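**Q** can you look at this prediction? I've put the sequence above it.
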Amino acid sequence: MAPPVTIESHLQRKLEYINEVIQNLGLESALNVFRLEIQDAGENPRTTRAGRIRRIIRNGDLVDGIADILDSPALKTQSAKTAIARDSILMDRVILPIVCTDFAAEIQALGKKITAPTNKITPEDLETFDIGALKDVIVSEAPHFFHVASHIARSGRNKDLDETTEEEEDTSMGEGSSGNGSESDPDYEPPSEEDEDEDDLLADGKEGKKKDRELMVIVALLILAMSYNKFANFLQCIVGYFFLTTGVPKRTTAVLSRMRITVSYETITRAVKRISDCLAREYRQCTKTELHVQTWDNMHRTYSVKKRLLHKSQHMSHETQPFILFMHPDSGLTEPLRMHTIDRTRATELNVHHFLLDYGHLKKVAAHHAFTVLWHKYTPDIQRILKAKNIPKPCFAPVYQLPIKKSCIYPLPTLKIDEGSIAGNLTVMNAIDKELGLNGDFYVDNNILQLTSGDWLTVRNTRKALCQRVECRSAADRREFVEPTIGPFHYQMAAQRCIMGNYWGSTKDISFLSKSAGLIRDNKVDITCKQFQQCDHLLNDIGKGHVLAYAIDFTGCHSIDEFGIWMKNNSWTKFWGMIEEIVERIFNPTLIQERRYEPGTTKKKKPGAPLALRDILMYQKLDACQKEGDVGRLEKVMKYFNVMFQGSNQFNYAKETIHLTACLELMPSWTFRESGSPQ
DNA sequence: GCTAGAGGGGTTATGCCTCG
DNA sequence: CGAGGCATAACCCCTCTAGC
């Protein structure tokens, strides 16, 4: 079939012809001829030919010669590759050593590129860590090995790796190592298909849980690289840092470091020290020029230490943990605040009308939250009735929404100071200034307003400390530049405590929170609200339950199933009317009174589910507007809790809410009181 | 029944050795 | 020559048990 070979034929055709001739002789490949010669030389060592071959092997020409043969265009044909791959002696004795030498060189070269000396590592290395970038390094430094490893892990199947023509070793290795991979071999195909099925199953069944074979290959290669060179520890360093920061026990790290999945524990601590030094330098630099908020809070720990006391007994340790907060670079808030942006004297204008509640707004928000509860339970039904009327899903328009950006937080070294006292607070402020390398004169000279933050105790003590200093001579000593502000999170905690205190009650009454907590066997929740998250979940769940209960009550249904049927057969007007009715009931004082007392008497009926629902809906709103960054709504809902705090024993919060209202509405030269969303 | 101390589990710091 | 890892000291905490 093929054209006859003549002297003018193309070189490729000539080589193919030689190949054909060798195969017709039953010798399979040119390399096989060479192998037979070596064998022959072994059997008849006294011949001159054997001596020549020994010399070739001794001089190292053999490897070069084989490599030349492998590089020859003749071996680009599939039949030649198959011939080599099938020749086990040739594979084991000749090709494998050549290939392995190349692979070792690749891995060593790779090792030089991924070092991360732990006393040179920087925070940027951690931030910019990207497994994709590591893969790029691997592909550029160890392309052949990566190719082979991908083949073994069968991660590169879908890519057209088989089309590559530049490396014969790999293709032959790949086929050779996966069981003489030719089409005729029956052992080869079935596992492949089975494997593929498993892959599909994984992809269908568990979304996002598919095996990341490429990642496995990358990690395997990086571990191999570390076996040559312990300094090739980039990935291991990152993993180790992750372990240390997530509280993995040292013994676990020790085990994994033996497998070179991480570096050793000592190395990790060195890296952590180095990183903390870097960060300290960074925040010291940034605090001089950028807007930042100094936050601190106290930590009480009980120590049971023998050595530090004469008698072994528990003692309380008071420590303070300061933080520095920077705004996100994109938020546009990087300039420090200046002194003239606030006018403290305007606080005297504070009047009772600043605390009047906007009931219309609160009702609207409550209706929205009640709607959300029903939406989550009856989404298809509500969607259907919305579609029938062709109206969009009601959503609450933000009042004044700030863009939510992640701020940058640096923890400062923990101070052995109790900030519970006024003097302690001053000490904390001085210690922070010392840590940052700033002093009072810096703020005064640059006309900078320094924000501090914390819980209400911190804020109160800071302010009292400032009051004590009012007689100092210089502005720097008076610390006039300090403006304490509160974090809404502590506000929410106080609101939670207040609600819990109001409705905790006894375990005997079904409408009290303690009964509900007991019913679901939630023993982490208590009246002190030590477990914020648990209490949060309980309040939200009870809020949902109350909304549903009200809805069932209003529609005259007797069970939740009946209400489900009602939801299927109603109109939008009836549905929304029901929600408005619920809100009206919980916000109307007359209706509440009627519910609370027996008609015409002062005898109390069962206490306040409507009030509890109202407070919980307001609490949910407080939570939601914090999450959405809606300062306008926050301001309105804070007034609701302000009134509540005034009647509670949360004295600090009662007082500070008033102060906060002045801070928000009167003192600054800017305002949050725009109507509607700024965008 | 109480208590001191042994002993084991665990963490952190540091000196020293090895190896790239 | 310096980074990484090992061995070890120092320390804390908890539990168990012998001895009173």
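**A** Right, received. Where do you want to start? Numbers count the residues shown, from 1 in each chain, chains lettered A, B, ... in the order given.

**Q** okay, CA-based contacts and neighbour counts for the rest of this
**A** Will do.

**Q** how about the strands in chain A?
**A** A:292-305, A:313-326, A:337-338, A:408-411, A:448-454, A:482-486 (DSSP state E).

**Q** residues of the stretch 251-400 of chain A that sit close to DNA strand B?
**A** Neighbours of DNA strand B within the stretch 251-400 of chain A, by C-alpha under 7 Å from any atom of the strand: A:Arg251, A:Glu266, A:Thr269.

**Q** residues in contact with A:Lys389?
**A** A:Lys389 is in contact with A:Trp572, counting by C-alpha atoms under 8 Å, 6 or more residues apart in numbering.

**Q** residues in contact with stretch A:634-643: which ones?
**A** For stretch A:634-643, using C-alpha under 8 Å, 6+ apart, the contacting residues are A:355-358, A:362, A:495, A:618, A:621-622, A:625-626, A:653-654, A:657-658, A:661, A:664.

**Q** 6 Å instead?
**A** A:Phe355, A:Cys625, A:Thr657 (C-alpha atoms under 6 Å, 6 or more residues apart in numbering).

**Q** can you list those residues in TSV and add distance to A:Ala149, neighbour count and pLDDT?
**A** As requested, the contacts of stretch A:634-643 are exported to TSV (distance: C-alpha to C-alpha, whole Å; neighbours: other C-alpha atoms under 10 Å; pLDDT from 0 to 100):
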residue	distance to A:Ala149	neighbour count	pLDDT
A:Phe355	69	16	85
A:Cys625	51	20	86
A:Thr657	63	22	81
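
**Q** closest to A:Ile499 among those residues?
**A** Nearest to A:Ile499 among these is A:Thr657, at 16.6 Å by C-alpha to C-alpha.

**Q** can you tell me how far the nearest residue to that closest one once chain neighbours are set aside is from A:Ala654?
**A** The spatial neighbour of A:Thr657 that comes closest, neighbours along the chain excluded (C-alpha to C-alpha, 6 or more residues apart in numbering), is A:Asn642 at 5.9 Å. Relative to A:Ala654, A:Asn642 is positioned 6 Å away (criterion: C-alpha to C-alpha, to the nearest Å).

**Q** same drill for those two, tell me which one is more crowded.
**A** Ranked by neighbour count (other C-alpha atoms under 10 Å), A:Asn642 and A:Ala654 place A:Asn642 first, with 22 against 19.

**Q** count of neighbours near A:Asp358?
**A** Neighbour count for A:Asp358, taken as other C-alpha under 10 Å: 12.

**Q** cool, and the one 4 residues further on?
**A** A total of 21 residues lie near A:Leu362 under the criterion other C-alpha under 10 Å.

**Q** so which of the strands of chain A is nearest A:Arg260?
**A** Going by C-alpha to C-alpha, the one of the strands of chain A nearest A:Arg260 is strand A:408-411, 30.4 Å.

**Q** report the buried residues of the closest one.
**A** The neighbour-count check on strand A:408-411 (16 or more other C-alpha atoms under 10 Å) flags A:Ile409, A:Tyr410, A:Pro411 as buried.

**Q** reformat the strands of chain A as JSON lines; add mean pLDDT and distance to DNA strand C.
**A** As requested, the strands of chain A are exported to JSON lines (pLDDT from 0 to 100; distance: least, C-alpha to the nearest atom of the strand, whole Å):
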{"stretch": "strand A:292-305", "mean pLDDT": "71", "distance to DNA strand C": "3"}
{"stretch": "strand A:313-326", "mean pLDDT": "72", "distance to DNA strand C": "9"}
{"stretch": "strand A:337-338", "mean pLDDT": "83", "distance to DNA strand C": "41"}
{"stretch": "strand A:408-411", "mean pLDDT": "84", "distance to DNA strand C": "23"}
{"stretch": "strand A:448-454", "mean pLDDT": "86", "distance to DNA strand C": "28"}
{"stretch": "strand A:482-486", "mean pLDDT": "83", "distance to DNA strand C": "33"}
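
**Q** so which of these comes closest to A:Ala280?
**A** Closest to A:Ala280 of these, according to C-alpha to C-alpha: strand A:408-411, at 8.4 Å.

**Q** give me the phi and psi for the closest residue to DNA strand B within the stretch 351-500 of chain A.
**A** Closest to DNA strand B within the stretch 351-500 of chain A is A:Pro413: 12.6 Å, counting by C-alpha to the nearest atom of the strand. Backbone geometry at A:Pro413, expressed as degrees, to the nearest 10, gives phi -60, psi 140.

**Q** follow-up on the earlier one: and the residues of the stretch 251-400 of chain A next to DNA strand B, which of them are in helices?
**A** A:Arg251, A:Glu266, A:Thr269 (DSSP state H).

**Q** out of the residues you listed, who's nearest A:Ala142?
**A** For those, the nearest to A:Ala142 is A:Glu266 (30.0 Å; C-alpha to C-alpha).

**Q** mind checking pLDDT for the closest one?
**A** On the pLDDT scale, A:Glu266 is placed at 80.
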